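# Here is the input, now give the coordinates:
(one chain, ligands or ions: 2)
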Amino acid sequence: MKHQITSAKFQMNSGHGNCKQNVFGHLNLKTGTYLGFGICDLEFDTGLEMTILEVLNWSTHYLEGHRVENPRLNAELLLARSLNLNRERLYMRLHDQVEERDKEVLEKLIQRRISGEPLQYILEHQEFWSLDFRVDPRALIPRPETELLVEQSLLILAESSLSRIPSVLEIGTGSGAIAIALAKELRNIFVVATDISMEALVLARENAKSAGIQHQIRFVKGDLFGPLRLPKAGAPFDLILSNPPYITRSRIRTLAREVKDYEPRVALDGGEDGLAFYRRIIPEARLYLGEGGWLLLEVALGQSGVVSEMIEEEGHFREPESIPDLSGIGRVVKAQRK
Ligand code: SAM
Ligand code: GLN
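Ligands and ions are numbered 1, 2, ... in the order given. Below is the predicted model of the structure:
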């Protein structure tokens with residue numbers, strides 16, 4: 001069954017494929033309103049000329065109908081990718097016609113997005129600390145809140161008056177975002193970045209190379225401190241930081257499908273109570289830190305109190321400090337080795 005609303009210059013196909021409902025929808029491209037009563041197969045009508053603006057509006061409503069958050073932004077970025085343009089150029093060409101083959105590319109991208117794949121995996125990019133990172137299912141997509149860990153580490157490293165090259169250890173580097181942001185900011189530091197996932201490390205190495213700082217980072221595979229040699233004398237690191245998996249296992253299935261179905265489980269699962277990694281990292285970290293060295297940990301909302309207590313109880317650190325994020329909730333716990 002086909003419905004064509006010629007005045008609105010678009011057509012929806014329904015009643016075949018995986019379309020469960022017929023569509024009685026009307027998209028008014030002039031006012032941008034959409035009165036839809038069902039969801040149709042995603043298929044731009046072949047032979048129907050559509051401008052970038054029209055395709056954009058259509059895609060936005062389609063994504064919205066499938067409950068994709070920020071449908072306009074998603075539509076813009078997916079269309080820009082299909083046309084090999086950036087968003088600025090897309091806006092300069094709103095009245096250009098979209099070619100048939102570009103519509104087909106877009107259809108496939110939209111299909112992936114509505115089945116739950118994160119936008120960043122489709123575009124294979126994520127910005128972090130104003131740097132462009134390649135991201136794909138090999139590693140967690142770096143989150144904006146993790147920039148707080150970078151910021152706090154930079155403050156500490158900038159204040160330290162070391163006579164040697166500062167050395168940093170990142171546990172669980174994923175895409176490499178944190179380690180690379182630090183190395184890019186401070187060209188005199190050396191970072192060891194570990195991960196248990198070999199495929200994440202391969203991605204992180206690619207990112208380090210693109211950022212041009214691969215000589216400042218050594219990527220090591222293994223279980224937390226496992227691959228590192230315990231120092232015989234002195235301490236190898238001035239700062240140890242980690243954004244470990246911290247989601248309570250039973251809560252993983254309640255996360256958005258973008259996260260639970262697409263991001264690596266090994267990057268999320270923090271054990272029965274979400275604290276498994278802090279329990280292991282805190283006592284071991286002190287063996288790798290000299291006097292005055294720092295430990296910085298990202299925590300989930302609500303975990304900063306208990307993680308601070310764990311550090312206090314360990315006994316080798318001065319009083320930990322909880323750093324709030326923009327919403328005022330503790331996001332990073334930092335403590336200095338006695
Ligand atoms: N640092 C990245 C970021 O902030 O975007 C990734 C953080 S992700 C929450 C946690 C990372 O820890 C994942 O890359 C995961 O593979 C790694 N990981 C999980 N278990 C580990 C273990 N036992 N030893 C080392 N790394 C581990
Ligand atoms: N920040 C991620 C999320 O909330 C979780 C990452 C982690 O476990 N450290 O989805």
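
# use CA for all of it now, contacts and neighbours both
Will do.

# where does the protein dip in pLDDT?
Applying pLDDT under 70 to the chain picks out residues 1-42, 45-47, 162-163, 233.

# Can you name the residues of it that neighbour ligand 2?
Near ligand 2, the residues belonging to the chain are 243-247, 267-268 when assessed by C-alpha under 6 Å from any ligand atom.

# ok, the residues you listed vs residue 228, which is closest?
Of all the residues of the chain next to ligand 2, the one sitting nearest residue 228 is residue 244; the distance, using C-alpha to C-alpha, is 17.5 Å.

# my guess is that closest one contacts residue 279, does it?
No: Residue 244 is not in contact with residue 279 according to C-alpha atoms under 8 Å; the separation is 11.1 Å.

# if you count what's nearby, which of those two comes out ahead?
Neighbour tally, residue 244 and residue 279, criterion other C-alpha atoms under 10 Å: the higher count belongs to residue 244, 27 against 14.

# Quick check: chain neighbours aside, which residue is closest to the residue sitting nearest the centre point of the chain?
Here the mean C-alpha position of the chain is nearest to the C-alpha of residue 141 (C-alpha atoms, centre = their mean), at a distance of 2.3 Å. Across the structure, with C-alpha to C-alpha, 6 or more residues apart in numbering as the measure, the residue nearest residue 141 apart from its sequence neighbours is residue 135 (6.3 Å).

# Now do the contacts for that neighbour.
With contacts defined as C-alpha atoms under 8 Å, 6 or more residues apart in numbering, residue 135 is in contact with 120-121, 124-126, 141, 175, 203.

# The residue nearest to the centre of the chain falls within a helix, correct?
No: following the definition DSSP: H, G, I helix; E, B strand; the rest coil, residue 141 is coil and is not counted among the residues of a helix.

# how close does it sit to residue 102?
Distance check for residue 141 against residue 102: by C-alpha to C-alpha, to the nearest Å, it reads 27 Å.

# For burial, what's the neighbour tally of residue 227?
Applying the criterion other C-alpha under 10 Å, we find 13 residues in the vicinity of residue 227.

# likewise residue 145?
A count of nearby residues for residue 145, using other C-alpha under 10 Å, gives 14.

# Do I have it right that it meets residue 325?
Yes: with the criterion set as C-alpha under 8 Å, residue 145 and residue 325 qualify as a contacting pair; they are 7.2 Å apart.

# so what sits against both of the two?
A shared contact of residue 145 and residue 325, defined by C-alpha under 8 Å, 6+ apart, is any residue touching both; here these are residue 331.

# What segments of the stretch 101-250 of the chain are strands?
When secondary structure is read from DSSP state E, counting those that start in this stretch, the stretch 101-250 of the chain shows strands at 125-128, 131-134, 167-171, 190-195, 217-221, 237-242.

# which SS state does residue 297 fall under?
When the rule is three-state DSSP, residue 297 gets the label strand.

# What are the neighbouring residues in contact with residue 102?
In this structure, residue 102 makes contact with 82-83, judged by C-alpha under 8 Å, 6+ apart.

# so how far is stretch 201-221 off the chain centroid?
In terms of C-alpha atoms, centre = their mean, to the nearest Å, the centre of stretch 201-221 is set 17 Å apart from its chain centre.

# what does the stretch 1-150 of the chain put close to ligand 1?
Within the stretch 1-150 of the chain, the positions lying close to ligand 1 (C-alpha under 6 Å from any ligand atom) are 139-142, 146.

# Just the buried ones among the residues you listed, please.
Burial of these was assessed by neighbour count (16 or more other C-alpha atoms under 10 Å); the buried members are 139-142, 146.

# who wins for most neighbours among the contacts of residue 135?
Using other C-alpha under 10 Å as the contact criterion, the top neighbour count among these goes to residue 175, which has 29 neighbours.

# how about the nearest residue to the residue in the stretch 151-300 of the chain that ligand 2 sits nearest to, chain neighbours excluded?
Residue of the stretch 151-300 of the chain nearest ligand 2, by C-alpha to the nearest ligand atom: residue 245 (3.5 Å). When the adjacent residues along the chain are set aside, residue 245 lies closest to residue 268, with 4.4 Å between them (C-alpha to C-alpha, 6+ apart).
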